[in-house]
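>>> Provided below are the primary sequence and the corresponding predicted coordinates.
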Amino acid sequence: MSSTIRTTQFSILDRSRTREGHPEGAALRDTVDLARRAERLGYHRFWVSEHHSVPGVAGSAPTVLAAAVASATSSIRVGTGGVMLPNHRPLVVAEQFGVLESLFPGRIDMGLGRSVGFTGGIRRALGTEKDATEDFSAQLAELIGYFTGTQTAHPQVHARPAEGLRVPAFVLATGAGAQVAAEAGLALVIGDLRGRAKMLDAIESYRARFRPSHLWDRPYVVISGTVAVAATTEAARRLLVPEARAMAYSRTHGAFPPLRPAEEMPPAGAGAAGEGAVSAREREFYEEALRGHLYGTEEEVAEALDALIAGTAADEVLVTTSTYDRTALLESYERLARVAGLAGRG
């Protein structure tokens, strides 16, 4: 087993994906159950995400769900991957994380993103617009300032009980996110293993521009992506199929559906109209969605992770895997824990 893998932290980001034929509440309960299992397996962090008005995702209120996860566990770090700051007022975000840190001291992470709702209707409902991402640096500075008592956007305003608390902050890298993280002196979370060259460039730029802060005295890089492990290579690949089908459907129909059982996408044009017919474009998106992930047997994944960690010098790997078969998903995380040698790390 690789010594590099065994000295790297491994964590989980769960998006509370819904499954066809199951209520949305089941996805949230599954997330809490997965967090308990992740803690027993030795994972370092367990994060939840923020999505609004997406039929296939139940995770819309990350700080609320993080509270449920923290209540159901006792030692694993809990956080968000992430709260989309342009959707919220920094004061409210500071207050929410202040409450979480006060209730679960030393266990809360604040993962922050700069994305907004993906449709105009969602953005209007959230009270924001596309250009809100341009204010991310200022929003981030205001948010961090509420914890340190140094924010100047609203003089004499204090976030209670956040002020004086130390909550590690992470920036999810989308677009200019890596530069923002470096200049703010925060940890970097960067994904999309399919764009390996761009990811490496962003990490290099982040490390070169990093300015130490009270939260992080050195650059800290978390690489995020899908990792599927099973008894055979083909079984591991099948774990990726439900998400790939949903992604292909969303890009051709404009709606992200719940996960369905793993069935291979039929060839373009197959099936009668309205009964499984697939366009060439949808098939193309499906094939694209299957590329770039790490999957295989324990030995194959160990080799791939070793190369990825060595190539990026990452401090941590954040795994975000979704599939319809929950039993197979749990087994995948158990196998990955063995690959990483998580048991007994302490």
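Everything's here; your move.
>>> Where do the helices of the stretch 51-200 of the chain begin and end?
Applying DSSP state H, counting those that start in this stretch to the stretch 51-200 of the chain gives helices spanning 62-72, 90-103, 120-126, 136-148, 177-184, 196-209.
>>> Could you point out which of those helices sits nearest residue 229?
Distance to residue 229, taken as Cβ to Cβ, is lowest for helix 196-209 among the helices of the stretch 51-200 of the chain, at 20.1 Å. Any C-beta I mention is one placed from the backbone N, CA and C, and that applies to glycine too.
>>> Now the helix or strand just after the closest one - C-alpha only, PDB.
Note on helix 196-209: by DSSP states H and E, the next helix or strand toward the C-terminus is strand 221-225. Extracted C-alpha coordinates of strand 221-225, given in PDB (Å, rounded to 0.1, in the frame of the first residue of the first chain):
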ATOM      1  CA  VAL A 221      -5.000  21.900  -1.100                       C
ATOM      2  CA  VAL A 222      -8.000  19.600  -1.100                       C
ATOM      3  CA  ILE A 223      -8.600  17.800  -4.400                       C
ATOM      4  CA  SER A 224     -12.200  16.700  -4.900                       C
ATOM      5  CA  GLY A 225     -13.700  14.100  -7.300                       C
END
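>>> who wins for proximity to residue 236 among the helices of the stretch 51-200 of the chain?
helix 196-209 (19.7 Å).
>>> Run through the neighbouring helices and strands of that closest one.
helix 177-184, strand 187-190, strand 221-225, helix 298-312 (3 or more Cβ pairs under 8 Å, 6 or more residues apart in numbering; DSSP states H and E).
>>> want to throw these into JSON lines with mean neighbour count and mean pLDDT?
Converted to JSON lines, those look like this (neighbours: other Cβ atoms under 10 Å; pLDDT from 0 to 100):
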{"stretch": "helix 177-184", "mean neighbour count": "22", "mean pLDDT": "93"}
{"stretch": "strand 187-190", "mean neighbour count": "27", "mean pLDDT": "97"}
{"stretch": "strand 221-225", "mean neighbour count": "23", "mean pLDDT": "95"}
{"stretch": "helix 298-312", "mean neighbour count": "17", "mean pLDDT": "95"}
